[in-house]
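1. Sequence and predicted structure are below.
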Amino acid sequence: MNSEKIRKTFLSFFEDKDHKVIPSASLVPENDPSVLFTTAGMQPLAPYLLGETHPLGKRLVNVQKCIRTGDIDAIGDNTHLTFFEMMGNWSLGDYFKNEAIGWSFELLTSKERGFGLDPRRLYVTVFEGDENAPKDDESFNIWKEIFDKNGVAGERIYFMGAKSNWWSAGGNGPCGPDTEMFYDLTGSLTSGMTKEEYLKADEEQRVVEIWNNVFMEYEKKNGKVIGRLPQKNVDTGSGLERVTSVIQGKNSVFETDLFLPIIQKIQSISKTKDMRAERIIADHLRTAVFMIADGVNPSNTDRGYVLRRLIRRAVRYTDLVNMEDGGLKLIIETIQSTYKNTYPEITLGSIISVITEEEQKFRKTLQEGLKQFEKFIPQGYITGANASMLAFTFGLPKELTIELAQEKGLEFRDEGEFEEELKKHRELSRAGSEQKFKGGLANTSEQTIKLHTAHHLLLSALQKVLGKEVKQKGSNITEERLRIDFSFSRKLTPDELNAVENIVNEHIKSDLPVIRREMHRIEAETLGAEMEFGTKYPEIVSIYFIEDKDGNAVSKEFCGGPHVKNTGVLGKFKIQKEESVSAGIRRIKATLT
Ligand code: SER
């Protein structure tokens, strides 16, 4: 079964069970501006898991594009990836454990309706209980009954702690215990395993996780479980790449039809064979292509920095395999043709130019790094501290410094200083990203909601002062301030900034109602509601209107909310800063006091 058929089978299996298919949200979170990327299928659905009504009902199914770069150093093994597609079925306060587990088993093992995997190679974990929630005997019993009924013998259900069997995205939002399904890659573990044997098999990657069903009935605030949600939800996630590798009987995601053409292309244009390097190039460029398709541009901060790092790392590895000039373009073309049927947003021309421009910039940086390197030649050796300075100040990767040192006959003396600097560097960037997370996924604090409404007012004021062609290009909201990136070609004058600020404050003073309406996407488009660049919207959408006393829309935007009910509660709006982000994109930071 090829990957396209696997996606289709997943979606249609759940459509038959009355689920509505929803499109993948953008990789750039739309209503959750405080996280960098969409990291799980539940992220764009968080408001609905918390209780908001979804326009398409209580049963949904999707394939969500996700990015997780936390394990970037592990890329090159059989399973890790920085971009992946997550297939998921969703119950928003509708069915619960029985159906969710039963359907997972049916879809995984049915030869007629599903993937036809061998049930004897299936192993599952369930939550053992802790101070937040009881032991999940219910899921255990459901699994036991299913295995018994299907004649699948042997020990294969294991109780595990919160570390592996509790799911939440960050410190805020919906969460709950989960049951995870693992598949035996070897085909030799069909008669069951003790828990010790299973743990060892997992560690040695002889079994891999292929599906996770989260029973989201709890809520977290500031890192603590604070109680139950008003509704019991199911959030399931099955990584397409991993499922594809087990269905296609491959040991690695890179051998599946999702990657093979890309890997083969890399091999055909490289002089040196290096499996790890080939995988890193394929993974990083694939992720870069999807990021750019969703509107991300390389830069030195936030999303742009992650993209920059991926492209530059890929370029380094293309050098390592001695790739022919112009190779990046050929790989990008192969990625596009592998994914074009499912993701038509991948437009070749602009993606190739963003990536090749970044390559050129990187090569210039490298030259600068090399010049700096040469200054150390007279000293006769290179220390770990020198290498870290070259890496973190001039972007010269450590492995390149070591290679150069060897070439020049310089000894590389590192007493752990490099690691120490690296640790400091990582802590700094981790602190940065945790900070970003704090404002949080599903962060519905009062101040964040207010800033979100002010954000809508600001966009409409900008359009009023600067022209309708001003479009939102990005946003970010923390407890303290809002940030908007928008298309405009020059610095705003003090008069323009004043005018924008005054319009927003006028609209606040007038205490305008904020109204959510559900409507057909076409209708919303016809009304000219503001849309987020790079986002695919479902048939039925939610639009937030802010209306003046005559019922004229001051602002109308595609948005999942939440928002305040009336603008009067927002307080005083103040623009703190206006600056350039990149050519043609400006940024404003503003507060409410
Ligand atoms: N949220 C869970 C995960 O990402 C299941 O979808 O693994």
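-> Happy to help now that I have it.

2. Give the burial count for the one residue in the stretch 101-250 of the chain that gets nearest to the ligand, as a bare number.
-> For the stretch 101-250 of the chain, the residue closest to the ligand is residue 237, as judged by CB to the nearest ligand atom, at 2.3 Å. Bear in mind the C-beta positions are built from the backbone N, C-alpha and C, glycine included. Number of residues near residue 237 (other CB atoms under 10 Å) recorded here: 22.

3. In a strand, residue 543, correct?
-> Yes: counting by DSSP: H, G, I helix; E, B strand; the rest coil, residue 543 is part of a strand.

4. pretty sure residue 517 belongs to a strand, no?
-> Yes: assessed by three-state DSSP, residue 517 belongs to a strand.

5. Now do the same for the spatially closest residue to it that is not a sequence neighbour: its pLDDT.
-> Among residues not flanking residue 517 along the chain, residue 543 sits closest, at 5.3 Å (CB to CB, 6 or more residues apart in numbering). We have a pLDDT of 88 for residue 543.

6. give me every residue that touches residue 543.
-> Residue 543 sits next to 516, 517, 518, 519, 524, 527, 529, 556, 557, 558, 559 when contact means CB atoms under 8 Å, 6 or more residues apart in numbering.

7. try residue 246
-> 117, 183, 185, 208, 210.

8. From residue 463, how far out is residue 486?
-> Distance from residue 486 to residue 463, counting by CB to CB, to the nearest Å: 9 Å.

9. Comparing those two, which residue is more hemmed in?
-> residue 486 (21 against 18).

10. Local confidence estimate at residue 305?
-> 84.

11. quick one: it and residue 69, what's the gap?
-> 10 Å.

12. The two: which is more packed in?
-> In this view residue 305 and residue 69 are compared by other CB under 10 Å, and residue 69 has more residues nearby, 18 against 15.

13. Which residue lies closest in space to that one, excluding its sequence neighbours?
-> In space, residue 69 is closest to residue 82, 5.1 Å off (CB to CB, 6+ apart).

14. Residue 183 - that's part of a helix, no?
-> No: remark: residue 183 does not belong to a helix; assigned using three-state DSSP, it is strand.

15. what separates it from residue 164, distance-wise?
-> 16 Å.

16. And residue 120, by the same measure?
-> 23 Å.

17. which of the two has more neighbours?
-> A direct count of neighbours by other CB under 10 Å for residue 120 and residue 164 places residue 120 higher, at 20 against 16.

18. I'd say the more buried one and residue 190 touch.
-> Yes: the criterion here is CB atoms under 8 Å, and residue 120 meets it with residue 190 at 3.9 Å.

19. what mean pLDDT does the helix or strand harbouring residue 484 have?
-> Following DSSP states H and E, one finds residue 484 within strand 482-487. In this model, strand 482-487 has an average pLDDT of 91.

20. Mind exporting the C-alpha coordinates of it to PDB?
-> C-alpha atoms of strand 482-487 as PDB (Å, rounded to 0.1, in the frame of the first residue of the first chain):
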ATOM      1  CA  LEU A 482       0.900  41.600  20.800                       C
ATOM      2  CA  ARG A 483       3.000  41.500  17.700                       C
ATOM      3  CA  ILE A 484       1.800  41.700  14.100                       C
ATOM      4  CA  ASP A 485       3.900  41.300  11.000                       C
ATOM      5  CA  PHE A 486       2.300  42.800   7.900                       C
ATOM      6  CA  SER A 487       3.100  43.600   4.300                       C
END
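
21. Check which residues of that strand are buried.
-> For strand 482-487, a neighbour-count test (16 or more other CB atoms under 10 Å) marks 482, 483, 484, 485, 486 as buried.

22. Make CSV out of the residues you listed and add distance to residue 565.
-> Converted to CSV, these look like this (distance: CB to CB, whole Å):
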residue, distance to residue 565
482, 19
483, 24
484, 22
485, 27
486, 26
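
23. hang on, the earlier thing: need the contacts of residue 246 in a markdown table (columns: pLDDT, distance to residue 129 and neighbour count).
-> Converted to a markdown table, the contacts of residue 246 look like this (pLDDT from 0 to 100; distance: CB to CB, whole Å; neighbours: other CB atoms under 10 Å):
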| residue | pLDDT | distance to residue 129 | neighbour count |
| --- | --- | --- | --- |
| 117 | 97 | 29 | 21 |
| 183 | 97 | 26 | 22 |
| 185 | 93 | 30 | 21 |
| 208 | 93 | 26 | 21 |
| 210 | 96 | 24 | 22 |
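
24. ok, and which of the residues you listed reach the ligand?
-> Among these, no residue sits close to the ligand (CB under 6 Å from any ligand atom).

25. which is the next helix or strand following the helix or strand bottoming out on mean pLDDT in the chain?
-> Lowest on mean pLDDT, DSSP states H and E among the helices and strands of the chain sits helix 417-439, with a mean of 59. Scanning forward in sequence from helix 417-439 by DSSP H and E, the next helix or strand is helix 446-466.

26. Mind listing the strands the next helix or strand after that next one pairs with, and their directions?
-> Counting by DSSP H and E, the element after helix 446-466 in chain order, helix or strand, is strand 472-477. Strand 472-477 pairs in its sheet with strand 482-487 (antiparallel), by DSSP bridges.

27. ok, and for stretch 255-271, which residues are buried?
-> So for stretch 255-271, counting by 16+ other CB under 10 Å, buried means 255, 256, 257, 258, 259, 262, 263, 265, 266, 269, 270.
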